[in-house]
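J.: Structural data only, the sequence is not supplied:
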C-alpha cells in the first residue's frame, strides 16, 4: 500500500511539475494539426500560405465587415527578425508563426508577446507549413527543417540538394497526406542536373519521391529542348508553394521560365518542357498526371510559376492562375483541358486562341540578339509573386497588377562551353505603359466567369502585397506608398486605409483569437527586385524608406460593438 501511495505521489509531483513548467514557459497544451484540419481549417486559423490548400487567400471571418471596417485600429505590432520580407504568417490556436531570413518566431496572436524564437541564417523567408506538432520551413541552403511547434526546437534537418550547385529554397513547403512537399529553385546555372519538386516524410524528413521539372534527353518531352544536353537545360524553377485538391487527389505546382531568358541565348526555339507550365502531380508517387504549358519556349522572362487557385463553379472543377503577362488562365483541374484565357490588356507580345488556348508570338515579338525592342510588360511583368485572392461572394479575383513596359536588349552570350549560364546578358530600361502612363499600380477585380473587370483602383506607386479577401465583404492590399487599404469587394469603394512606417510587404492574413478578429500585414524594406529599378527611373522623386521589418495587427476597438455582417 505504501509503495502504491509513493508511486501515486511521484506521479502527482511529475504532473504538477509538467504543468508548472508549461505555465512558466508560456506553452499551453497543443492539439496536433491533422490532414483533415489542413483541408478544412477552423475559420479562426490561417494554416497554409494562402490559408487553404485551394489557395483562395480568403478568410470566412465576418466580425470586421463593410459597416465597421473604418473603425479598425492597431491592436499590436512586433519587430520581426532581421531581414524579414515577403512573409506570410501562419496562425493556429491563437499562436502566430513568423518566417524570416534569419529564423522563425512564435508570438501570441492576441498580444504579440514572444513565445519562442528559432535562430537560423539563410532561411526561405516567404512561408511556413504546419502539421502534427511541427512547423516546417525551408532554407536558402536547400534544406527542409521541422521545428517543435510548442518550443521551436529543431526536430529534424534534411539536406534536399547540393547548395554548392546553386540549389536553394525561397518559399516554404506545403503538407499533403502526411508529406512535406516543396519546389526547388536556384537552377539558373548549368550543371548535370535540373530543378524538381519533392516529397518528404513529415516525421523524419526522409525523401519519398522527386519529380524533375525539366524533360530530360530521351524522356517524354525531352526533344522540346532540341539537341541540348542535360547540362545546358536550365531554369524551370518551382519557387511558389503548390495547391492540392482532395476531390481529384492532385497536387498543382507552377514552373518558371527556361534559362537563359531569351531563346536565342539558349540555343533552342523549342517549347522547352516543362517550363512555364502548370503541373498536376500524384501526391503519392510524384508522377505528372497532366501538364499545361501556358507559353511554349518563353523568351522574355514572363513566367507562369505563381499560385494555382481552385474553384468549383457552374459544374466545373477549375484551376485559375495568372503570370507576368497578365492573362487569367482557366483550366479543368482534373484533365488540364484549356477552358478560358482573360487578358487584362497590358501585354503586347502574345496572341491567345480563345478556343484552344494556344499562345503564339506576334510578328516581331521574339527578341533578336543585340537589337533593342520595346515590349509590354517590362520588368517584373504585370502580375508577379504577390498573390491574387478569390472571393466566393462576388466570384471574382482581386489582382495586384503593375502596368509597365521596357526597352529590352538581349545581348549575344559567350559560347555555352565557356560560361556558367544564368539569365543571360540583358538590359531592360523601364517605360510607362501607354494605357496607364501615370500609374504603376492597378488593383483589379475581375469576374471569374466572364473576365470582365468589375472595378479597378490605380495608384502612382505599385502594389507591394498579396490580396486578402474576407467574409465581411472586404479586399485588403498594400502599396509602396506605405498605405494599407480595405476595399469593398463588390464596389471597389475605399472603406479604410492607414499609413505604415514602412511599405506593406508580404501576404496579409486574417484570423481570430478568443472571438476577436484580427487583420495582420507585414511591412519592411519592400520587394525592390524589378519594382525598385522601375521606381528609380519612372518615379525619380520617390524616396525609399528603410528600417526593421514589422508585423502590424489591426482589430476593432474592444469596447465597440461589432456590426453584423452585411448581406449582399
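T.: Thanks, I have it. None of these values were measured; they are calculated from a predicted model.

J.: When you work out contacts or count neighbours from here on, use the C-alpha atoms and nothing else.
T.: Noted.

J.: which ones are touching residue 354?
T.: Contact analysis of residue 354 by Cα atoms under 8 Å, 6 or more residues apart in numbering lists 340-341.

J.: Let me know the distance separating it from residue 344.
T.: From residue 354 over to residue 344 the distance is 14 Å, taken as Cα to Cα, to the nearest Å.

J.: and what of residue 187?
T.: As defined by Cα to Cα, residue 187 lies at a distance of 30 Å from residue 344.

J.: If you count surrounding residues, which of these two has more?
T.: Using other Cα atoms under 10 Å as the criterion, residue 187 and residue 344 rank with residue 187 on top: 25 against 19.

J.: Under a three-state scheme, what state does the more buried one occupy?
T.: Going by DSSP: H, G, I helix; E, B strand; the rest coil, the secondary structure assigned to residue 187 is coil.

J.: Work out the gap between stretch 444-463 and the centre of the chain.
T.: Stretch 444-463 sits 19 Å away from the centroid of its parent chain (Cα atoms, centre = their mean, to the nearest Å).

J.: Quick one: end-to-end length of it, please.
T.: Taking Cα to Cα, stretch 444-463 runs 11 Å from one end to the other.

J.: One more: stretch 104-121?
T.: Stretch 104-121: ends 10 Å apart by Cα to Cα.

J.: And the contacts of it?
T.: Stretch 104-121 is contacted from outside by 25-27, 75-78, 80-81, 91, 94-99, 101-103, 151-153, 513, using Cα under 8 Å, 6+ apart.

J.: Next, find the distance separating residue 188 from residue 261.
T.: With Cα to Cα as the criterion, residue 188 and residue 261 are 10 Å apart.

J.: got any residues that touch both of the two?
T.: Common contacts of residue 188 and residue 261 (Cα under 8 Å, 6+ apart): residue 423.

J.: how about the helix or strand encompassing residue 106: buried residues?
T.: Using DSSP states H and E, residue 106 maps to strand 103-108. Neighbour counts over strand 103-108 (16 or more other Cα atoms under 10 Å) mark 103-108 as buried.

J.: Using TSV, please lay out these together with distance to residue 329 and pLDDT.
T.: Formatted as TSV, these follow (distance: Cα to Cα, whole Å; pLDDT from 0 to 100):
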residue	distance to residue 329	pLDDT
103	36	97
104	35	98
105	36	98
106	37	98
107	38	98
108	39	98
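
J.: got these as TSV, with distance to residue 276 columns?
T.: Output for the buried residues of strand 103-108, formatted as TSV (distance: Cα to Cα, whole Å):
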residue	distance to residue 276
103	31
104	31
105	34
106	36
107	38
108	40
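
J.: so which two of these are the farthest from each other?
T.: The most widely separated members of the buried residues of strand 103-108, counting by Cα to Cα, are 103 and 108 (17.1 Å).

J.: Helix or strand with the lowest mean pLDDT in this protein?
T.: Between all helices and strands in the chain, the lowest mean by mean pLDDT, DSSP states H and E belongs to helix 2-25, at a mean of 40.

J.: Tell me which residues of the helix or strand that that one is followed by come out buried.
T.: Next along the chain after helix 2-25, taking DSSP H and E as the criterion, comes helix 35-39. Buried residues in helix 35-39, counted by 16+ other Cα under 10 Å: 35, 38-39.

J.: who's in contact with the very next helix or strand once past helix 35-39?
T.: On the C-terminal side of helix 35-39, the closest following helix or strand by DSSP H and E is strand 58-59. Contacts to strand 58-59, defined as Cα under 8 Å, 6+ apart, come from residues 43, 50-51, 389-391, 468-471, 509-511.
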